[in-house]
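In: pasting the sequence and the predicted coordinates here, then a few questions.
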There are 2 protein chains.
Amino acid sequence: MAERLIVVGGDAAGMAAASQARRRRDRDDLEIVAFERGNFTSYSACGIPYWVSGVVPDREQLIARDPATFRESFDIDIRIRHEVTGIDVERREVVARDLADGREVREGFDTLVYATGAVPVQPPWARTDAAGVFGVQTLDDGAALLDWLEREPRPRRAVVIGGGYIGVEMAEALIQRGLTVDLVEQSDQPMSTVDGDMGELVADALKGIGIQIRTGLSVTGLEERDGRIATVVTAEGPMPADVVILGLGVRPNTALAEAAGLPLGPTGGLRTDRRMRVPGVPGVWAAGDCVETLHRISGMPVHVPLGTHANKQGRVAGINIGGGYATFPGVIGTAVTKVCDLEVGRTGLRERDARAAGFDFVSVVAESTNRAGYYPGARRMTVKLIAERPSGRLLGAQIVGWSEAAKRIDTLAVALWNSMTVDDMTALDLGYAPPYAPVWDPVLIAARKAVDALAGAGR
Amino acid sequence: MAERLIVVGGDAAGMAAASQARRRRDRDDLEIVAFERGNFTSYSACGIPYWVSGVVPDREQLIARDPATFRESFDIDIRIRHEVTGIDVERREVVARDLADGREVREGFDTLVYATGAVPVQPPWARTDAAGVFGVQTLDDGAALLDWLEREPRPRRAVVIGGGYIGVEMAEALIQRGLTVDLVEQSDQPMSTVDGDMGELVADALKGIGIQIRTGLSVTGLEERDGRIATVVTAEGPMPADVVILGLGVRPNTALAEAAGLPLGPTGGLRTDRRMRVPGVPGVWAAGDCVETLHRISGMPVHVPLGTHANKQGRVAGINIGGGYATFPGVIGTAVTKVCDLEVGRTGLRERDARAAGFDFVSVVAESTNRAGYYPGARRMTVKLIAERPSGRLLGAQIVGWSEAAKRIDTLAVALWNSMTVDDMTALDLGYAPPYAPVWDPVLIAARKAVDALAGAGR
């Protein structure tokens, strides 16, 4: 009789695991059942802001593979609108509710992949029944928001709460749709995923397209009128709002795992080993936004919800379940985003992270251009490097610039991944031609500056 | 008394060495004299095609630092239009001719930097006095060409001989100026710096803007009429031409070095140690397009004339002359270029190089997109990887694509520099957001495909 794999959660991590396992083991050897609470499988949540702004016209474009594809091409018994309500590790059984008719189903498993993703952080003040308050986590969230934006009376004033990636992207999307937008951030800068000096460049770009930025401001409540959101209450007074976006981050969705006795780590995410096994619970695997992972530079566990990690972790779990061998070696915190035309990239530790991890370090900021200075379209590119003292080992990097800036963080990410020193980096053989870089690449200029800073030359 | 440094050649390598040495040692400690045959210092020869096309309007934009700047800001006695005609290593003396008045000067040195650059390859048939035949090596070449193009009778038919970077860039520049252009290449593909399968994409782009490509064709002579170029004679018959560009590559300019008894390597370039010292000749250094260097992947000496290496090597020599410590660890053959809108990047070994170096390897070509498939402006990106068998170590990579494709070769260059295996590369934490990449980055997709090829899965 075939072994049975149950996947809890049908998005990136779960379906990557399922398809990799299927690739290595056919139906006679491995039966695969996947439960997904929502209507969709394997979609790009990261694409939602672009769908809201209208840049991506159709929701369907955000779906990588629909349930029918998984059924037909991968022989996976995918059950959408089925919410798993319990996992019994001893009895090797999950309980799920069919959201269509409320009926409960029980299914046994030999192997389980826990891939429930993340849930929005929701402080007490954000719990409201008022219409017009939205998260931006699922395609269903996006559909509800778009419906609200197009319904009469048309919302005109938006308040976006939270200045991280999703908040900033949503603020821009709503400006593009013609709303007025206030962006409220509790800390002293939006996009605190980069250091303050780099974050200022982002703030300038946001202001430049008309977004009102309110930093250092705490939200304390949401007030409604006739069932519709009317006011965001803050420490500095009320802000009128016809639509509110909650972009307060997410936390690992571990309720079921906790109830089943699966081990959680200090970040609140599930613990796994390098092969994505849940330690101490044979035959149970976990992957994606619900797990914590190793930060390779700080050596600390971190929770980094991001589709690219979810896909990789799911793939690793699936290869292993399929009888192969693969490991997930952790992350270094690489991220890129586009804010208006401004491009932002980061990898590794920010100054505050390096300090928290106990590193002594220097940090330098180097101004250069994305192309040879004389080549048309040359724009300023700012590269920040953080390097351990006295070793010179790279600890982190940030780039802010315009055309073709953000993805250059990958060059630094690979240097960081390989524990390069800034001194070694000055010799790197990077591509040079006038349309792409000055003869000293911006990355090399920054590395040279870091070498000087380490030498105390200060020049 | 101050020590005396003489620099032979006032372009990238020589002036980088001079300014780095000056940065560490002041005039009382080190006197610096630099001889430059031409009229300019530290200019971007790589920018000449863009000046010819009109993309860069002024010659002055191509000059990074002029002689006056070196004199005033760096206290360097730079003598332009002075051609060094002899170096006497025993007597520590150089002989130079002032091209203005033919007067000969002799200057003693304690330390010498040999940085004479490269000279165009010129087969016997290319030696002609006919007007209208140009190399593209110096700003003076560029000025002469532009003058010819603007003089009556206006040239209409161009033949570019040689399909490397400079030939391809010049062919595009001349099409942009409204000439008809034939590009003649002796081998079976233009842009043979990438493998044939990738080169076809480049050839298609060139044809797309109206360039006639003639591959596998040998030129045997140039014919003039009334002192003007009239015909390019080939193995397949004559080609009419009003202007001819010679893009046959360059070789190290070592005539003076040979005469002085400095050691040359198998590529014809000067040999140096890691600190850019000429071995066996104390106090003599060399850097730039006149030297050969180590290819870190093949382990062989190579001659790679490129401004970025010249600058780095000059910097290393200058730091060492200045009393610091620096080494140049070799190159891996990274290069980028733009052909029309097509972007091309390469690093490491091509298939033929890997074969010549004795490697067993697999090569894979992966098609993907530069952005999430649903994001506007997503374009095809082709990534080729060559990986050692059975180790999986990356040996080389090539990228062809459109917007934001070429510089992504740097990601692969840093992986290659650090001897990563394609298996390790599948876990790399690269930046992901819909405007910049699909959730599986093109580089990661290619790495996965290479892993499969190594496993013989063929899937």
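Out: Thanks, I have the structure now. Only a predicted model underlies this, so the values are computations on that prediction, with no experimental measurement involved.
In: what's the domain layout of chain A?
Out: The record's domain parsing of chain A by automatic domain parsing lists A:3-118+A:251-321, A:124-248, A:335-453.
In: out of the ones you listed, indicate the one that is most buried.
Out: domain A:335-453 (a mean of 22; mean count of other CB atoms under 10 Å in any protein chain shown). Just so you know, the C-beta spots here come from the backbone N, C-alpha and C atoms, and that holds for glycine as well.
In: now the end-to-end length of that domain.
Out: 26 Å (CA to CA, to the nearest Å).
In: circling back to that earlier point, I'd like the domains of chain A as CSV, with distance to chain B and mean pLDDT appended.
Out: Below are the domains of chain A laid out as CSV (distance: least, CB to the nearest CB, whole Å; pLDDT from 0 to 100):
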stretch, distance to chain B, mean pLDDT
domain A:3-118+A:251-321, 4, 96
domain A:124-248, 8, 95
domain A:335-453, 3, 96
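In: can you give me the helices in chain A?
Out: Taking DSSP state H to define them, one finds helices in chain A at A:12-24, A:48-53, A:67-74, A:139-150, A:165-176, A:196-208, A:255-260, A:307-321, A:351-356, A:409-417, A:422-425, A:442-455.
In: list the helices and strands the last one packs on?
Out: Okay, so that is helix A:442-455. strand A:361-369, strand A:380-388, helix A:422-425 (3 or more CB pairs under 8 Å, 6 or more residues apart in numbering or on different chains; DSSP states H and E).
In: strands paired with the first one, and their directions?
Out: Spelled out, that is strand A:361-369. The pairing partners recorded for strand A:361-369 under DSSP bridges are strand A:380-388 (antiparallel).
In: next, the angle from the strand it pairs with to helix A:442-455.
Out: 40 degrees (axes from the mean of the first three to the mean of the last three CA atoms, to 10 degrees).
In: next one: strand A:380-388 to chain centre, how far?
Out: 22 Å (CA atoms, centre = their mean, to the nearest Å).
In: between it and helix A:409-417, how big is the angle?
Out: Strand A:380-388 and helix A:409-417 are oriented at 10 degrees to each other (the same axes, to 10 degrees).
In: pull the CA coordinates from strand A:380-388 and hand them back as PDB.
Out: The C-alpha trace of strand A:380-388 is given here as PDB (Å, rounded to 0.1, in the frame of the first residue of the first chain):
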ATOM      1  CA  ARG A 380      23.200  58.200  -8.100                       C
ATOM      2  CA  MET A 381      23.700  54.900  -6.300                       C
ATOM      3  CA  THR A 382      24.300  54.800  -2.600                       C
ATOM      4  CA  VAL A 383      26.000  51.700  -1.200                       C
ATOM      5  CA  LYS A 384      26.400  51.100   2.500                       C
ATOM      6  CA  LEU A 385      28.600  48.400   3.900                       C
ATOM      7  CA  ILE A 386      29.000  47.100   7.400                       C
ATOM      8  CA  ALA A 387      32.200  45.200   8.100                       C
ATOM      9  CA  GLU A 388      33.500  43.400  11.200                       C
END
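In: what angle separates that strand from helix A:196-208?
Out: Using the same axes, to 10 degrees: strand A:380-388 against helix A:196-208 is 150 degrees.
In: which ones are touching A:Ala378?
Out: Each residue near A:Ala378 by CB atoms under 8 Å, 6 or more residues apart in numbering or on different chains is listed here: A:369-372.
In: quick one on the thing from earlier: got the domains of chain A as TSV, with distance to B:Val181 columns?
Out: What follows is these, written out as TSV (distance: least, CB to CB, whole Å):
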stretch	distance to B:Val181
domain A:3-118+A:251-321	39
domain A:124-248	42
domain A:335-453	20
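In: and the closest residue to A:Tyr374 other than its chain neighbours, what does it touch?
Out: Counting by CB to CB, 6 or more residues apart in numbering or on different chains, A:Tyr374 lies nearest to B:Gln61, which is 3.6 Å off, once chain neighbours are set aside. By CB under 8 Å, 6+ apart, the contact set of B:Gln61 is A:373-374, B:47, B:51.
In: next: A:Leu306.
Out: A:289, A:335, B:432.
In: with A:Arg448 instead?
Out: Neighbour list for A:Arg448: A:426, A:440 [criterion: CB under 8 Å, 6+ apart].
In: distance from the chain centre to stretch A:28-38, please.
Out: With CA atoms, centre = their mean, you get 25 Å for stretch A:28-38.
In: same thing with stretch A:105-119?
Out: Distance, centroid of stretch A:105-119 to centroid of chain: 22 Å (CA atoms, centre = their mean).
In: I'd guessed A:Gly86 sits against A:Leu256; true?
Out: Yes - at 7.1 Å, A:Gly86 counts as touching A:Leu256 under the criterion of CB atoms under 8 Å.
In: okay, and the beta partners of A:Ile213?
Out: On the basis of DSSP bridges, A:Ile213 is bridged to A:Leu183.
In: please report how far A:Ile175 lies from B:Leu248.
Out: Separation of A:Ile175 from B:Leu248 (CB to CB, to the nearest Å): 55 Å.
In: please apply the same query to A:Ile332.
Out: 45 Å.
In: likewise A:Gly322?
Out: As for A:Gly322, its distance to B:Leu248 is 54 Å (criterion: CB to CB).
In: do A:Lys384 as well
Out: Relative to B:Leu248, A:Lys384 is positioned 43 Å away (CB to CB).
In: then A:Val194?
Out: A:Val194 sits 48 Å away from B:Leu248, taking CB to CB as the criterion.
In: hmm, back to that, between the helices of chain A, which one is closest to A:Ala118.
Out: Closest approach to A:Ala118 among the helices of chain A is made by helix A:307-321 (9.6 Å; CB to CB).
In: how far off helix B:442-455 does the closest one point, in degrees?
Out: Helix A:307-321 and helix B:442-455 are oriented at 10 degrees to each other (the same axes, to 10 degrees).
In: what helices and strands are in contact with helix A:307-321?
Out: Counting contacts by 3+ CB pairs under 8 Å, 6+ apart, helix A:307-321 is packed against helix A:12-24, strand A:111-114, strand A:284-286.
In: how far is the longest one from where the chain is centred?
Out: Taking the mean C-alpha point of helix A:12-24 and that of its whole chain, the gap between them comes to 20 Å (CA atoms, centre = their mean).
In: tell me the angle it makes with helix A:67-74.
Out: 20 degrees.
In: dump helix A:12-24 to PDB, keeping only the CA atoms.
Out: Output of helix A:12-24 as PDB, limited to C-alpha atoms (Å, rounded to 0.1, in the frame of the first residue of the first chain):
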ATOM      1  CA  ALA A  12       4.300  28.100  -1.800                       C
ATOM      2  CA  ALA A  13       6.000  25.900   0.800                       C
ATOM      3  CA  GLY A  14       3.400  23.200   1.000                       C
ATOM      4  CA  MET A  15       2.900  22.800  -2.700                       C
ATOM      5  CA  ALA A  16       6.700  23.000  -3.400                       C
ATOM      6  CA  ALA A  17       7.100  20.100  -1.000                       C
ATOM      7  CA  ALA A  18       4.300  18.200  -2.600                       C
ATOM      8  CA  SER A  19       5.500  18.600  -6.100                       C
ATOM      9  CA  GLN A  20       9.100  17.800  -5.300                       C
ATOM     10  CA  ALA A  21       8.000  14.700  -3.500                       C
ATOM     11  CA  ARG A  22       5.800  13.700  -6.400                       C
ATOM     12  CA  ARG A  23       8.700  14.300  -8.800                       C
ATOM     13  CA  ARG A  24      10.700  11.500  -7.100                       C
END
